[in-house]
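Q: Need coordinates for the following:
(one chain, ligands or ions: 2)
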Amino acid sequence: MTDSQNPLSKPHLTTRRVHPENQETPIHFIETDEISHHLFFKRNHFSYPTLPHSDYRLAIQGFVETPRLLSLQDLARLPPQTAKVVLECAGDKRSLFEPKVFGEQWDKGAISQGHWKGVSLRTILEFAGIRKGAKEVVVEGYDYGERPDSEHFYSYMRSLPIEKALHPDTLIAYEYNNQPLPFKHGYPLRLIVPQWYAMASVKWIKQITVIDSTFIGPYQSNDYVYFPHKEHNEGAKPVTNINVNSTIQTPLNLDILSTGTHVIKGIAWTGKGHITNIEISTDHGQTWSKAIFKKQEKPDYGWVSWSFIWTILEEGEFTIMSKATDSYYQVQPVTPFWNRKGYGYNAVDQIKVKIE
Ligand code: MTE
Ligand code: MO
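A: Ligands and ions are numbered 1, 2, ... in the order given. Model prediction:
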C-alpha cells in the first residue's frame, strides 16, 4: 500500500498551532501499543530545522577525555537497543487546568508511544570518556528561533543530570517502529529519555556536551519548571518524571449510549515504576471498582491498556472516572496540582455520558 492509499496517512491530528507545528492525537485513535507515526502528536518550539545534507556527524565534546565525531554508520556499528517508551508532553491535558494557564491548550492527546531503536547514550559517553567531576550532559537540537519573551535566538537545548544520562536505557534513537525516525520526530537522531516528560527527548540532535556545572537555558530554567504560585517563583521545581495518569478512550466524552452493557476502555501510565491498580467510578467518584489490565511481569516504559464492563439499566447522565496507582504508591489526585505554566496535569480522568 502506498502512503497516499493508507487511510492513516490522512491528517487525523488536531492542530493546536500551525506555526510552529503543534498537533495532538484524538485519544480514541491511540488504540494500539505501537502508534503509527502518522498519528503521533507533534510538539515543536520552532520551525522545522534544515539539516546538513550528507555529512551528518554527531559531536560529543566538552568535559570528556577525547571529543568524538560519529557518523550514522559509526552509530549503526555500536550495539543497538530497543525499548517501548511513551512520550508525553509535559503540557498534555493543560486545557483542563482551572484557573486557565497560558500555553498550548492541549486536550488529552499530547501522548504517544512505540518502539525506539538506537544506541545507549552511555555507550557514546563512555567512548568519549567522561572526566571526573562531570555533572550534566547538554543536548542541542538543530532547530532554533526567537522566543516570545526575548529578541535573542535560541536553539532547543536541555541538559540531563549525569546519572540520568548514564542510565543504560537513555537512548540516542535512530529508528521508530522499525523505520528510520520520521523527519518531524527528530531524524536522523533524537534522544529518548524514558520516564521523563518528552521535553527531555531532544529531536534532531546536533551535539552533545558534557559539562561540570549546572546548565541554564530558557527550555530548562524558564519553561519546564513547576511554579506553584501565580505571582512569585517560590517552590519552583524542574519538570522531570511523568506523573501517574490515565485516560478514558471509550466511550468519548458526551457520548449518548443506550441502556445495557458497555465496555469502558483506556490507558494508564507513569514515569518511575509501573501501574499497579486502575479503578473506575461510574457514579462521579462515590464508589470505585477495579478495571482489568495485563499486569506487567517485566515492566517496560509503555502504557497499559485497561477495560471495565459496565452494565447500566437506568437512563440519565453519568460521570465516569478513572484513577491509576503506581508501584511507588502515587495515585492520581482528585484535584490537579495547579502550576503557573500548566505542566504535569494528572487529576483523575473524567467524562460524561448520557444513557437514553
Ligand atoms: N526537540 C527539539 N529539538 N525541538 C523541540 O521543539 N520539543 C520537545 C521534545 N524535543 C522539541 C524537542 C517537546 S516539548 C516534546 S513534547 C517532544 O519533543 C515532542 O516530540 P514529537 O514532536 O516527536 O511528538
Ligand atoms: Mo512538550
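Q: Isn't Gln23 up against Phe41?
A: Yes: if you go by Cβ atoms under 8 Å, Gln23 and Phe41 touch, sitting 6.2 Å apart. All C-beta atoms are positioned from the backbone trio N, CA, C, and that covers glycine.
Q: does the residue in the stretch 251-356 of the chain that ligand 2 sits nearest to sit in a helix, a strand or a coil?
A: Checking the stretch 251-356 of the chain residue by residue against ligand 2 with Cβ to the ion singles out Tyr343 as nearest, at 8.8 Å. Secondary structure, DSSP: H, G, I helix; E, B strand; the rest coil: Tyr343 is coil.
Q: before we move on, the earlier item: which neighbours do Gln23 and Phe41 have in common?
A: Here Gln23 and Phe41 have Leu13 as joint contacts, going by Cβ atoms under 8 Å, 6 or more residues apart in numbering.
Q: These two - which one has more neighbours?
A: Comparing Gln23 with Phe41 by other Cβ atoms under 10 Å, the one with more neighbours is Phe41, at 24 against 21.
Q: The more buried one and ligand 2: what is the separation?
A: To ligand 2, Phe41 is 9 Å away according to Cβ to the ion, to the nearest Å.
Q: tell me the contacts of that residue?
A: 13, 23-25, 89, 109-112.
Q: do the same with Leu257
A: Contacts of Leu257 by Cβ under 8 Å, 6+ apart are 251, 312, 353-356.
Q: what about the residue lying closest to Lys290 once chain neighbours are set aside, how many residues close to it?
A: Excluding its sequence neighbours, the residue lying closest to Lys290 (Cβ to Cβ, 6 or more residues apart in numbering) is Glu279, at 5.9 Å. Counted by other Cβ under 10 Å, the residues lying close to Glu279 total 21.
Q: How about Glu279: which residues does it bridge to?
A: Lys290, Lys323 (DSSP bridges).
Q: Next: Ile275.
A: Asp326.
Q: Let's verify Gln73: helix, strand, or coil?
A: helix.
Q: switch to numbering from 6
A: Got it, first residue is 6 now, which makes that one Gln78.
Q: With Tyr61 as the reference, measure out to it.
A: 10 Å (Cβ to Cβ, to the nearest Å).
Q: higher neighbour count, these two?
A: The residue with more neighbours, out of Gln78 and Tyr61, is Tyr61; 16 against 7, by other Cβ under 10 Å.
Q: Would you agree that one falls within a helix?
A: No: Tyr61 is assigned coil when assessed by three-state DSSP, not a helix.
Q: What segments of the stretch 6-155 of the chain are helices?
A: 77-82, 126-133 (DSSP state H, counting those that start in this stretch).
Q: Just give me the residue closest to the centre of this protein.
A: Per Cα atoms, centre = their mean, the C-alpha nearest to the average position across the chain is that of Glu93, at 1.9 Å.
Q: and that residue, what does it touch?
A: Taking Cβ under 8 Å, 6+ apart, one finds 115-116, 202-203, 247, 250, 274 in contact with Glu93.
Q: Give me every residue in the protein lying close to ligand 2.
A: 48, 94, 204 (Cβ under 5 Å from the ion).
Q: pLDDT score for the first one?
A: I take that to be Arg48. On the pLDDT scale, Arg48 is placed at 98.
Q: Kindly report the same for Ser155.
A: For Ser155, pLDDT reads 82.
Q: Next one: the residue nearest to it when sequence neighbours are not counted from ligand 1, what distance?
A: Once flanking residues are discounted, Ser155 sits nearest to Pro223: 7.5 Å by Cβ to Cβ, 6+ apart. Pro223 sits 12 Å away from ligand 1, going by Cβ to the nearest ligand atom, to the nearest Å.
Q: any idea how far Pro153 is from Pro223?
A: Taking Cβ to Cβ, one finds Pro223 at 10 Å from Pro153.
Q: now do Trp343
A: 22 Å.
Q: Between those two, which has more neighbouring residues?
A: Trp343 (16 against 5).
Q: which non-adjacent residue is nearest that one?
A: That would be Phe102: by Cβ to Cβ, 6+ apart, it lies 6.0 Å from Trp343.
Q: Tell me, how many residues neighbour the one you found?
A: Other residues close to Phe102 by other Cβ under 10 Å number 21.
Q: quick one: contacts for it?
A: Shown in contact with Phe102 (Cβ under 8 Å, 6+ apart): 341, 343, 347, 350.
Q: one step back: my guess is the residue nearest to Lys295 meets Phe298, correct?
A: No: counting by Cβ under 8 Å, Glu284 stays clear of Phe298, with 11.2 Å between them.
Q: Just list whatever residues bridge to Lys359.
A: Beta-bridge partners, per DSSP bridges, of Lys359: Ile261, Glu322.
Q: residue in the chain nearest to ligand 2?
A: Cys94 (3.3 Å).
Q: so how far is Asn27 from the residue lying closest to that residue once chain neighbours are set aside?
A: If you skip the residues right next to it in sequence, Cys94 has Ala115 as its closest partner in space, 3.7 Å away by Cβ to Cβ, 6+ apart. Distance, Ala115 to Asn27, using Cβ to Cβ: 8 Å.
Q: If you count surrounding residues, which of those two has more?
A: Shown here are Ala115 and Asn27; by other Cβ under 10 Å, Ala115 has more neighbours (25 against 21).
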